[in-house]
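J.: Would you be able to build a 3D model of this:
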Amino acid sequence: MSAVAERQTPNTYDECARTLASASASKRSVRVRGAGTKDYLGDLAPTDIVLETAGLRGIVAHVPADLTVTVAAGTPLAEIQRALSAHAQVLPLDPPHGAAATVGGVVAANSSGFKRARYGGVRDLLIGTTTALPDGTLAHAGGRVVKNVAGYDLNKLLIGSLGTLGAITECTFKVLPLPAATAGIRARFARAAEAFAAADTVARTPARPAALAVDGTRGSWQLLVLAEGDAGAVERTIAIVAAAAAQGSSERDPDLEQSLAPLRELPASADGVLVRASLPPAAQSAFADEAQRLEAFARLVADAASGILRVHLTGDDDDVIAGADALLAAARVCGGSARVEKKSDRVRARLSSWGDGDLPGLFLMRRLKDAFDPSGILEPARGPVR
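T.: Numbers count the residues shown, from 1 in each chain. Below you'll find the predicted structure:
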């Protein structure tokens with residue numbers, strides 16, 4: 001591999017496919033990159049080529065009456081939201097770094113935010129893709145209408161693939177009308193168990209909040225709830241949260257949506273390690289208790305409706321590494337899984353993003369990698385398959 005990667009920015013889907021075919025024929029490794037907002041994900045290694053999707057940009061088709069939008073993969077999500085808002089519609093994805101993230105990167109990283117609680121994640125909203133493969137072909141999956149499910153399983157394979165199977169060039173999504181009303185409420189607690197108990201109470205009601213988040217450090221925990229919909233439903237949700245938070249103190253927060261943004265992007269600094277766990281919702285409180293016992297524990301943020309937790313560890317490098325290993329093991333014990341999502345340069349070489357144990361489904365992942373990328377040119381080190 002060359003010391004300095006060659007940057008290529010194709011302007012068409014066919015050009016993107018030809019670039020991959022040429023790289024495959026010459027056994028040159030390729031990294032697919034959008035805006036770079038997810039550069040921290042996975043175990044990165046230098047590649048010969050960086051294929052940038054910035055040239056694949058724009059809204060290909062928007063049919064407001066069908067509630068669908070088709071966009072080129074290098075289009076920033078924020079640009080799509082602005083275009084949809086002119087028709088009183090929204091793509092209800094709120095991933096980390098959403099102001100800059102490209103839609104292809106959001107899909108490749110399976111990057112969803114707190115609004116997954118009400119609207120679902122990438123896999124629930126994505127209905128079609130076009131992908132450039134290393135053999136030079138363009139693979140089409142799904143379609144541009146909600147009822148078309150042909151090739152739907154290929155869409156699922158691409159979600160979270162981190163560019164290891166192909167370069168996503170186009171995506172079609174379901175969109176929704178903008179909510180008529182929005183309101184926020186936050187409740188404060190002394191213990192994590194109280195915050196998660198209140199979140200569980202809300203999740204078991206018909207309230208269906210737009211976001212249900214728990215944020216805490218030792219001795220200080222918050223439940224943050226965003227409600228969207230018609231005005232009556234929003235007010236009912238706020239009342240349900242206030243009743244569920246009786247053990248703490250609660251207050252309405254008109255700026256709650258802005259408050260959620262930094263929680264999606266934890267941590268703000270490059271220090272330490274961020275572990276992401278996916279757990280059964282009932283196991284979140286126990287996992288939070290385990291996290292707080294760690295010497296390196298700094299903060300925990302949970303999407304409490306879906307069981308996605310992120311734990312920031314800081315301090316001595318040995319404590320951080322030991323803490324990360326302990327959280328990966330604790331997630332398995334709780335019936336879930338975990339990975340190291342961010343890590344500082346100081347510990348990068350000492351800590352695998354995927355842990356030391358065998359991942360569930362690793363054999364199948366290898367089979368898929370061999371089928372899509374037999375030459376192994378795409379992100380040869382980034383994913384769990386080596």
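J.: what about residue 222, which helix or strand?
T.: Per DSSP states H and E: residue 222 is located in strand 220-229.
J.: next structured bit after that strand?
T.: helix 231-244.
J.: tell me which strands and helices that following helix is in contact with?
T.: strand 181-189, helix 192-203, strand 220-229, strand 249-252 (3 or more Cβ pairs under 8 Å, 6 or more residues apart in numbering; DSSP states H and E). C-betas here are computed from N, CA, C, even on glycine.
J.: Any idea how far the strand holding residue 222 is from the middle of the chain?
T.: 19 Å (Cα atoms, centre = their mean, to the nearest Å).
J.: ditto for stretch 181-192
T.: On Cα atoms, centre = their mean, the centre of stretch 181-192 falls 23 Å from the chain's centre.
J.: likewise stretch 298-314?
T.: The answer for stretch 298-314 is 13 Å, by Cα atoms, centre = their mean.
J.: What's the end-to-end length of that stretch?
T.: For stretch 298-314, the first-to-last residue distance is 6 Å (Cα to Cα, to the nearest Å).
J.: and if you look at stretch 102-111?
T.: First-to-last residue span, stretch 102-111, Cα to Cα: 11 Å.
J.: How are the helices of this protein distributed by residue range?
T.: Ranges of helices within the chain are 13-25, 77-85, 103-108, 116-119, 122-125, 152-158, 192-203, 231-244, 256-264, 284-292, 317-333, 362-372, based on DSSP state H.
J.: Any chance you could list what contacts stretch 17-33?
T.: Contact with stretch 17-33 is made by 1, 5, 8, 10, 39, 44, 47-53, 105, 108, 132-138, 163, 166-168, 373, 375, 377-380, 382, as judged by Cβ atoms under 8 Å, 6 or more residues apart in numbering.
J.: Are any of these buried, and if so which?
T.: 5, 8, 10, 47-53, 105, 108, 132-136, 138, 163, 166-168, 373, 375, 377-380, 382 (16 or more other Cβ atoms under 10 Å).
J.: and the closest residue to residue 192 other than its chain neighbours, how many neighbours?
T.: Nearest residue to residue 192, sequence neighbours excluded (Cβ to Cβ, 6 or more residues apart in numbering): residue 288, at 4.1 Å. Here the number of neighbours of residue 288 (other Cβ atoms under 10 Å) works out to 23.
J.: from what I can see residue 288 touches residue 194, true?
T.: No. Counting by Cβ atoms under 8 Å, residue 288 stays clear of residue 194, with 11.0 Å between them.
J.: Spit out the contact partners of residue 356.
T.: So residue 356 contacts residue 325 (Cβ under 8 Å, 6+ apart).
J.: let's see 10 Å
T.: 325, 328-329 (Cβ atoms under 10 Å, 6 or more residues apart in numbering).
J.: In a markdown table, list these along with neighbour count, distance to residue 225 and pLDDT.
T.: Output for those, formatted as a markdown table (neighbours: other Cβ atoms under 10 Å; distance: Cβ to Cβ, whole Å; pLDDT from 0 to 100):
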| residue | neighbour count | distance to residue 225 | pLDDT |
| --- | --- | --- | --- |
| 325 | 16 | 33 | 95 |
| 328 | 21 | 29 | 95 |
| 329 | 15 | 31 | 94 |
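J.: re the thing from before, so of the buried ones among the contacts of stretch 17-33, which ones are in strands?
T.: 8, 49-52, 132, 138, 167-168 (DSSP state E).
J.: Next, give me the two most distant ones among these.
T.: 50 and 138 (20.5 Å; Cβ to Cβ).
J.: Out of the helices of the chain, which one sits most buried?
T.: Highest mean neighbour count of those: helix 103-108, a mean of 29 (counted as mean count of other Cβ atoms under 10 Å).
J.: before we move on, back to that, any idea which of the helices and strands packed on helix 231-244 gets closest to residue 258?
T.: Among the helices and strands packed on helix 231-244, if distance is taken as Cβ to Cβ, the winner is strand 181-189, at 9.3 Å.
J.: on that earlier part again, joint contacts of residue 288 and residue 194?
T.: Contacts common to residue 288 and residue 194, judged by Cβ under 10 Å, 6+ apart, are residue 221.
J.: can you tell me which residues contact the closest residue to residue 217 other than its chain neighbours?
T.: Using Cβ to Cβ, 6+ apart and skipping residues adjacent in sequence, the residue nearest residue 217 is residue 299, 5.2 Å away. Residues near residue 299 by Cβ under 10 Å, 6+ apart: 215-218, 220, 263, 266-267, 274, 291, 310-314.
J.: how about 8 Å then?
T.: By Cβ under 8 Å, 6+ apart, residue 299 lies in contact with 215-217, 266-267, 311-312.
J.: Mind listing the residues bridging to residue 167?
T.: residue 132 (DSSP bridges).
J.: hang on, isn't it packed against residue 130?
T.: No. Contact criterion Cβ under 8 Å: residue 167 and residue 130 do not qualify, at 10.0 Å.
J.: returning to that earlier point: and which of the ones in strands among the buried ones among the contacts of stretch 17-33 is nearest residue 154?
T.: residue 168 (10.9 Å).
J.: my guess is the closest one meets residue 110, correct?
T.: No. With contact defined as Cβ under 8 Å, residue 168 does not reach residue 110; the gap is 11.9 Å.
J.: What number of residues are in the vicinity of residue 296?
T.: For residue 296, using other Cβ under 10 Å, the count is 23.
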